[in-house]
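**Student:** The sequence and its predicted three-dimensional model are supplied below.
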Amino acid sequence: ILNVEQSPQSLHVQEGDSTNFTCSFPSSNFYALHWYRWETAKSPEALFVMTLNGDEKKKGRISATLNTKEGYSYLYIKGSQPEDSATYLCASPTSGSARQLTFGSGTQLTVLP
Amino acid sequence: GAGVSQTPSNKVTEKGKYVELRCDPISGHTALYWYRQSLGQGPEFLIYFQGTGAADDSGLPNDRFFAVRPEGSVSTLKIQRTERGDSAVYLCASSLIRNTEAFFGQGTRLTVV
C-alpha cells in the first residue's frame, strides 16, 4: 500500500507571508508526484506533475520541488493572498502502469487578510 | 461543457435508501475515475474505467457500491442500502488514455441521515 503523507494538516498565514508545506512518499518505486489545489465548492485543480529527481516547477507565485531519493516534495507559495486559501493535495500513482492516484490527506491553507 | 460535470452537487438521503451519482467527463477522455473523500482525509480511489469497462474496481468498499459507464462517456456510481458511513464527497475525474493528468469535477456531497 502506497503511503502519501502531508504536513502540516492546516496552516494559517497572514496576507503577504510566504509559506511552504511538505508531501512525503516512499522513495522506492517512485513514478510521479502530482500537486492539486482544491478550493471550497470547486473542482480540484492540477498544479504540477513532477517526475524527475531535482525537478522544480513554477506557476505564478507557487512553486514545487521534488526529491525522489529521500521521498519528499515541497510546495512554496510566495506572498500569500487570500485567494490562495484552499486545500493543497499531493498524490502519487500506485504503480507505473496504474492510472489511479493515492492522495495525501491535504494541507488546508487559510490566508488572513 | 469544457470540464467534468457531476450531478447532483449535493444529495441528502435517508439510511437504507438507494442513490445514483452521475459524472459527465470531458469529451474525448476515455479514462474515468471515481474517488471518495471522507472528512479529514484525502480522496480515496474507488474505481477506474477505460472506455466502457471497469479496468480496476479494487477500491469499491463493498458490494453495495457499483458503477457503470455503458457508452464509454457518462458514468453513474450507484450505492445501495446507504449507510451513514457512506457520507462523503464523491469525486469524478477523467483523463486522456495517454495522459496521466486527471481533471476533476466539483464532486457530489452525499449526506446519509
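**Tutor:** Perfect, thanks for sending it. Numbering: from 1, shown residues only, chains lettered A, B, ... in the order given.
**Student:** so residue B:58, which of the three states?
**Tutor:** Assigned with DSSP: H, G, I helix; E, B strand; the rest coil, residue B:58 falls in the coil class.
**Student:** got the contact list for residue B:77?
**Tutor:** B:20-23, B:34, B:46-47, B:65-67, B:90, B:92 (CB atoms under 8 Å, 6 or more residues apart in numbering or on different chains). Where you see a C-beta, it was placed from the backbone N, CA and C, and this is true even at glycine.
**Student:** just residue A:101 next, same as before
**Tutor:** Residues in contact with residue A:101, defined by CB under 8 Å, 6+ apart, are A:34, A:91-94, B:43, B:45, B:102.
**Student:** For ChimeraX, write the select line for the buried members of the contacts of residue B:77.
**Tutor:** Burial among those is assessed by 16 or more other CB atoms under 10 Å in any protein chain shown; the matching ChimeraX selection reads:
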select /B:21,23,34,46,47,65,67,90,92
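**Student:** before we move on, back to that, among the contacts of residue A:101, which are in strands?
**Tutor:** Secondary structure from DSSP state E places A:34, A:91-93, B:45 of those in strands.
**Student:** all strands for the chain, in order.
**Tutor:** Defaulting to chain A. For chain A, applying DSSP E gives strands covering A:5-7, A:10-14, A:19-24, A:33-38, A:45-50, A:56-59, A:62-67, A:72-77, A:86-93, A:101-103, A:107-112.
**Student:** The chain in question should be chain B.
**Tutor:** Using DSSP E, strands in chain B cover B:5-7, B:10-13, B:19-24, B:31-37, B:44-50, B:53-56, B:65-68, B:75-79, B:88-95, B:103-104, B:108-112.
**Student:** any chance of the contacts of residue A:101 in TSV, with pLDDT too?
**Tutor:** Output for those, formatted as TSV (pLDDT from 0 to 100):
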residue	pLDDT
A:34	93
A:91	94
A:92	92
A:93	86
A:94	76
B:43	95
B:45	93
B:102	86
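**Student:** Residues of chain B that sit close to chain A?
**Tutor:** The interface of chain B toward chain A, taken as CB under 8 Å from any CB of the partner chain, is made up of B:3-4, B:31, B:33, B:35, B:40-45, B:48, B:50, B:55-56, B:59, B:91, B:95, B:100-107.
**Student:** So how do I select the buried members of the residues you listed in PyMOL?
**Tutor:** PyMOL command restricting the residues of chain B next to chain A to the buried ones, with burial defined by 16+ other CB under 10 Å:
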select buried, chain B and resi 4+31+33+35+42+43+44+45+48+56+59+91+95+100+102+103+104+105+106+107
